[in-house]
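A.B. asks: This is the structure alone, sequence omitted:
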C-alpha cells in the first residue's frame, strides 16, 4: 500500500495522472449546467483546466489552451476550482476562434495547409444527463460504471437544476485523503455531531468493479419519519431510496444524497501532492411544489459538513522521512477505504 498512502511524493502524483486521470472517465457536469448556447464550465485539475462547452447544442470538452501557442481560450473568473459562465471561445492573443465545430484562424495561409487544426479535445460520453470526459479512456463508460450505471442514469434524469456551490472550502491535503474521508462513517459522529451525525447511520456498502456505494440506513426514527413524509413533495418517477446513499465513482468523484431529494456531487481533483482542487455542487430533484426553502437548507447543511470535513482532513499529512510507518483501518467501518486501496493498486499497475 505504499503508493496509496503516499501523500507527499511528486513521483506518485505523476504516476496517478498517467494511470488514473488519463485512463478513466471523469464526471464533468450535469447537462442542465450548460443548457444554453455558449454556456461553459471550467474545472481545475493538477496545473491545467478542462472546459465543457455548449457549442450551439453540440457539447465539447477541451483543455483550456489555444492550439496556437498555449494561451487560455477562456479566462477563469474567480479563485475557486470551478468557474461557470457564458461566452465565445476566442483567444485574446491572436483571435483564434471556435464556433459551430470549426476553428477559425486569422491569416491561415501562414500555417501548414495539410495540418489539421482543432482544439485540444477530450473524449466525451453521457450517463443519462451526466456528462463525463476522458483524456484517453481504457474502458467504455458503461463498463467503468457497471452495476451502478442504471441507477446513476435515473438519478441524472431526476435532477431538476443546479443549486449552487459548496465554496470556498480549502482542502490542504492530498486528494486521496478527501476520498477516503467520504468513504467511511467512522468519523461521522466525531466530526459531524450536529449535522450528518444526527442521522445515526448504519451502513451496508456495495462493491462493484472500481466503484462502491454507501447504503446508510437512518436509525434516527424521528428524522427518518420526517424525511419519509417529504417524499410526497417530489415527483414519483424520481430515483428514490429511503436512506442516505453515496457513490464513489473511481477515481475522483463522490455523489451523495438523502432519500434522493437533493444531490451533492464532489470532485476531489489533484492539485499538488498536498493540496486538492475540491469542487462540490448541489442539485435539487424534480418536485411538484416550490422547494426553494428546502434547497437553501441543503446548501447550508452541505457547507457545514464539508467545512467540518476539511478541518479534519487537513490534519492528515504524510512524511517523506517516515515512509516506513503503517496505518491501521477499521475492518468494517472503513471497509470502503480498503476496497478503494485495492482498486487504486490495480489501476496504478494497469490491471483489470
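C.D. replies: Everything's here; your move. Since the model is a prediction, treat every value here as computed from it, not as a measurement.
A.B. asks: hmm, who's touching stretch 282-298?
C.D. replies: 30, 32, 158-166, 230, 232-235, 238-239, 260-265, 299, 302 (CB atoms under 8 Å, 6 or more residues apart in numbering). For glycine as for every other residue, the C-beta is placed from the backbone atoms N, C-alpha and C.
A.B. asks: and those, which are buried?
C.D. replies: For those, a burial check counting by 16 or more other CB atoms under 10 Å picks out 30, 158-160, 162-166, 234, 238-239, 260-265, 299, 302.
A.B. asks: Identify those among the residues you listed that sit within helices.
C.D. replies: Per DSSP state H, helices hold the following members of the buried ones among the contacts of stretch 282-298: 158, 299, 302.
A.B. asks: can you give me the mean pLDDT across the strand or helix carrying residue 294?
C.D. replies: Here residue 294, judged by DSSP states H and E, is contained in helix 292-313. Averaging pLDDT along helix 292-313 yields 91.
A.B. asks: packing partners for whatever helix or strand comes next after it?
C.D. replies: Heading C-terminal from helix 292-313, the first helix or strand you meet, by DSSP H and E, is helix 335-348. On a contact count with 3 or more CB pairs under 8 Å, 6 or more residues apart in numbering; DSSP states H and E, helix 335-348 meets helix 175-182, strand 211-218.
A.B. asks: Pick the most deeply packed of those.
C.D. replies: Stretch with highest mean neighbour count among the helices and strands packed on helix 335-348: helix 175-182 (a mean of 24; mean count of other CB atoms under 10 Å).
A.B. asks: Residue 310 is nearest to which of the helices and strands packed on helix 335-348?
C.D. replies: helix 175-182 (8.4 Å; CB to CB).
A.B. asks: rounded to a whole number, what's the mean pLDDT of the helix or strand following the closest one?
C.D. replies: Using DSSP H and E, the helix or strand that follows helix 175-182 in sequence is helix 188-191. Here helix 188-191 scores 94 as its mean pLDDT.
A.B. asks: Give me the distance from helix 188-191 to the chain's centre.
C.D. replies: Computed by CA atoms, centre = their mean, to the nearest Å, the chain-centroid distance of helix 188-191 equals 23 Å.
A.B. asks: And for that helix, what's in contact with it?
C.D. replies: 196-197, 201, 308-309, 311-312.
A.B. asks: Average pLDDT for the helix or strand that that helix is followed by, rounded please.
C.D. replies: With elements assigned by DSSP H and E, the helix or strand that comes after helix 188-191 is strand 201-203. Average pLDDT, strand 201-203: 94.
A.B. asks: strand partners of strand 201-203, parallel vs antiparallel please.
C.D. replies: Take DSSP bridges as the rule and strand 201-203 pairs in its sheet with strand 211-218 (antiparallel).
A.B. asks: farthest pair in the contacts of helix 188-191?
C.D. replies: Using CB to CB, the contacts of helix 188-191 span at most 20.1 Å, a distance reached by 201 and 311.
A.B. asks: Pick out the residue nearest the middle of the protein.
C.D. replies: The residue lying closest to the centre of the chain (CA atoms, centre = their mean) is residue 267, at 2.7 Å.
A.B. asks: Test my guess that that residue contacts residue 27.
C.D. replies: Yes: using CB atoms under 8 Å, residue 267 is in contact with residue 27, at 6.5 Å.
A.B. asks: returning to that earlier point: redo the helices and strands packed on helix 335-348 as JSON lines? Include mean pLDDT.
C.D. replies: Formatted as JSON lines, these follow (pLDDT from 0 to 100):
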{"stretch": "helix 175-182", "mean pLDDT": "96"}
{"stretch": "strand 211-218", "mean pLDDT": "97"}
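A.B. asks: still on that earlier bit, pick out whichever of residue 201 and residue 311 has more residues nearby.
C.D. replies: Remark: of residue 201 and residue 311, residue 201 carries more neighbours, 20 against 11, as counted by other CB atoms under 10 Å.
A.B. asks: Surely that one and residue 223 touch.
C.D. replies: No: under the criterion of CB under 8 Å, residue 201 makes no contact with residue 223, lying 10.7 Å away.
A.B. asks: Residue 228: how many residues sit nearby?
C.D. replies: By other CB under 10 Å, the residues close to residue 228 number 12.
A.B. asks: Pop out the phi and psi values for it.
C.D. replies: In terms of degrees, to the nearest 10, the main-chain angles of residue 228 are phi -60, psi -40.
A.B. asks: likewise the one 4 residues further on?
C.D. replies: Recorded main-chain torsions at residue 232 are phi -60, psi -20, according to degrees, to the nearest 10.
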